[in-house]
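Participant: Here is my input, please return the structure:
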Amino acid sequence: MAEVLTPDICVIGGGPAGQRLAVTAANSGVPVVLIEKGRLGGADLAHGSVPSKALIAAAGLYDTLRRGPAMGVSGAPLQVNFARLREHVLAAAASVEPAFSAARLAALGIRVIPGEAKFVDRRAVVADGIVIRARRFVLATGAVPSLPAIPGLAGVEPMTLDDAFDLTRKPAHLLLLGAGPHALELAQAYNRLGVDTTVIGGEAPLADEDPELAAIVLGRLAAEGVRFRTGKPVSGVARRRGGIRVTLAGEEEAVDGSHLLLAMGRAPNIAGLRLEAAGIAFDPDGVVVDRLCRTTNRRVYAIGDVVAGPASVARAEHQIDRILLAILYRLPFREYAGRVPQAMFTDPGLARIGLSEAEANRIDRSVRVFRYPVLAGEASAGERLSEGMIKVVTSRRGRVLGAAIVARNAAELIVPWSLAVRERMHIRAIAGMPVPHPSHSEISRRVAEAYDGPGMAPLWRRRLIAFLRRFG
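Facilitator: Numbering: from 1, shown residues only. Predicted coordinates:
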């Protein structure tokens, strides 16, 4: 007879988001079961942010050493060993693996079941011969690579983001199909490591970002040698002697390379779950959810990349807050537009939170926009960092509506603005924020000080100061 478990919550998917939800619930004294058919830690550990940041770090170090002579520092000729580079990437993933282990989860009181989950009806799942009848289920299975409908693509067996870090020999010319953030991160990293790289995509790179800020990032990549063949769809892919050829619609000249990396095309990882048996609606973009991340089966929630939207662990963790309030406390969740920060880890990076200038202007034409160049900061000038900018959007009365930063470590610098957007803070709160000097964080305070800059102080304040001056 099969074992039957009756926890409060059953999480399907053992990636960062699924584990965080399970741990938070277990810490609240709730019985939790977690099911994972593959490696605990999910794509983020195996071929997501951990290995990609390890590769980017190696490329950044190489670039720093390359720029050393301009600062009076020089040494032996630089070399890149791709086999050792892969070892570095694997070591980085291994170093964080204990934090995602089954032993750690078990020590926290979470029952971990290795196996494939299948819904048998609206109230039960079976995995590894065990039946789980939970009060609530949470789908956190993520996404998997998906080949776009391009003639000949399947025949060339392109690399995907799942195996982009397995190279042990230097490619002669890497073609990246896709013009989104992940494609640009990898293009710059491999280019800095001495690989010729070309970004190919039907859409303009960073088409969803603020054009003023995107231009800074793209200009830096182009200056470093990354090539772009974008704006026209790919009409075909074929093998050629010594590599791969990509043909663009309406162009006679094809793009030839030695390797092709598919940095686009992800599909929700729902195969084998038997969602139909549970009455859960889904489409090619992902599982259908409401504002509380609840599926069409009110006992089942879904978070992360299995839900349509931008791929982001930050978005998944934001969704966890909503789910736990609903499941544990039966409370609604107040939503704020654009409250989840997005970050791209190029150099300079691009991070944003809240409304962009264009979005804010569509809502209210009286918004105010403030800019400050990164190189005006003493810390950035001393390190001779690449160009950048911080841009902040406020209401007419000064409430922070959004912010975006192009700078090295932009993902770190956006943090105070994330708090400001979430807490509906006035920009003067950032202007009064004490920061070390010199530091990169000073640019946030400097741009905030512009709110009360020359000629910007409110009339009532100027009149008050003028009145008080009469008394000495």
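Participant: tell me how far stretch 141-156 is from the chain's mean position?
Facilitator: Mean C-alpha position of stretch 141-156 versus that of the full chain (C-alpha atoms, centre = their mean, to the nearest Å) differs by 21 Å.
Participant: Endpoints of stretch 194-203, how far apart?
Facilitator: End-to-end span of stretch 194-203 (C-alpha to C-alpha, to the nearest Å): 26 Å.
Participant: which of the residues in it are buried?
Facilitator: For stretch 194-203, burial by neighbour count (16 or more other C-beta atoms under 10 Å) applies to Val195, Asp196, Thr197, Thr198, Val199, Ile200, Gly201, Gly202. Quick note: C-beta positions are derived from backbone N, CA and C, even for glycine.
Participant: mind putting the residues you listed in CSV, pLDDT, distance to Val421 and secondary structure included?
Facilitator: Shown next, in CSV, are the buried residues of stretch 194-203 (pLDDT from 0 to 100; distance: C-beta to C-beta, whole Å; DSSP: H, G, I helix; E, B strand; the rest coil):
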residue, pLDDT, distance to Val421, secondary structure
Val195, 95, 38, coil
Asp196, 96, 40, strand
Thr197, 97, 34, strand
Thr198, 97, 37, strand
Val199, 96, 31, strand
Ile200, 95, 35, strand
Gly201, 86, 30, strand
Gly202, 82, 32, coil
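Participant: mind putting the residues you listed in a markdown table, distance to Leu248 included?
Facilitator: Output for the buried residues of stretch 194-203, formatted as a markdown table (distance: C-beta to C-beta, whole Å):
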| residue | distance to Leu248 |
| --- | --- |
| Val195 | 21 |
| Asp196 | 18 |
| Thr197 | 17 |
| Thr198 | 11 |
| Val199 | 12 |
| Ile200 | 7 |
| Gly201 | 10 |
| Gly202 | 9 |
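Participant: can you tell me which of those lies nearest to Glu449?
Facilitator: Val199 (37.7 Å; C-beta to C-beta).
Participant: Does the closest one touch Pro205 like I think?
Facilitator: Yes - the criterion here is C-beta atoms under 8 Å, and Val199 meets it with Pro205 at 6.6 Å.
Participant: Which neighbours do those two have in common?
Facilitator: Counting by C-beta atoms under 8 Å, 6 or more residues apart in numbering, the shared contacts of Val199 and Pro205 are Ala179, Leu184, Phe228, Thr230.
Participant: how much space between Val125 and Pro98?
Facilitator: 28 Å (C-beta to C-beta, to the nearest Å).
Participant: Who has more neighbours out of those two?
Facilitator: Val125 (26 against 10; other C-beta atoms under 10 Å).
Participant: Hmm, that one is touching Ala117, no?
Facilitator: Yes - with contact defined as C-beta under 8 Å, Val125 and Ala117 form a contacting pair (5.1 Å).
Participant: Need the residues touching each of the two.
Facilitator: With C-beta under 8 Å, 6+ apart as the test, Val125 and Ala117 both reach Ile12, Ile35.
Participant: buried stuff in stretch 269-281?
Facilitator: Asn269, Ile270, Leu273, Arg274, Leu275, Ala278, Ile280.
Participant: Export the residues you listed as CSV, with columns for distance to Ala222, pLDDT and secondary structure.
Facilitator: Formatted as CSV, the buried residues of stretch 269-281 follow (distance: C-beta to C-beta, whole Å; pLDDT from 0 to 100; DSSP: H, G, I helix; E, B strand; the rest coil):
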residue, distance to Ala222, pLDDT, secondary structure
Asn269, 35, 93, coil
Ile270, 39, 94, coil
Leu273, 43, 96, coil
Arg274, 48, 96, coil
Leu275, 44, 96, helix
Ala278, 49, 95, helix
Ile280, 45, 97, coil
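Participant: ok, the residues you listed vs His318, which is closest?
Facilitator: Proximity of those to His318 (C-beta to C-beta) peaks at Asn269, which lies at 19.8 Å.
Participant: Can you verify my assumption that that closest one contacts Thr141?
Facilitator: Yes - Asn269 is within contact range of Thr141, at 4.3 Å (criterion: C-beta under 8 Å).
Participant: From Pro341, how far off is the spatially most central residue of the chain?
Facilitator: Centrality entry for the chain: nearest residue to the mean C-alpha point is Ser312, 4.3 Å, by C-alpha atoms, centre = their mean. As for Ser312, its distance to Pro341 is 9 Å (criterion: C-beta to C-beta).
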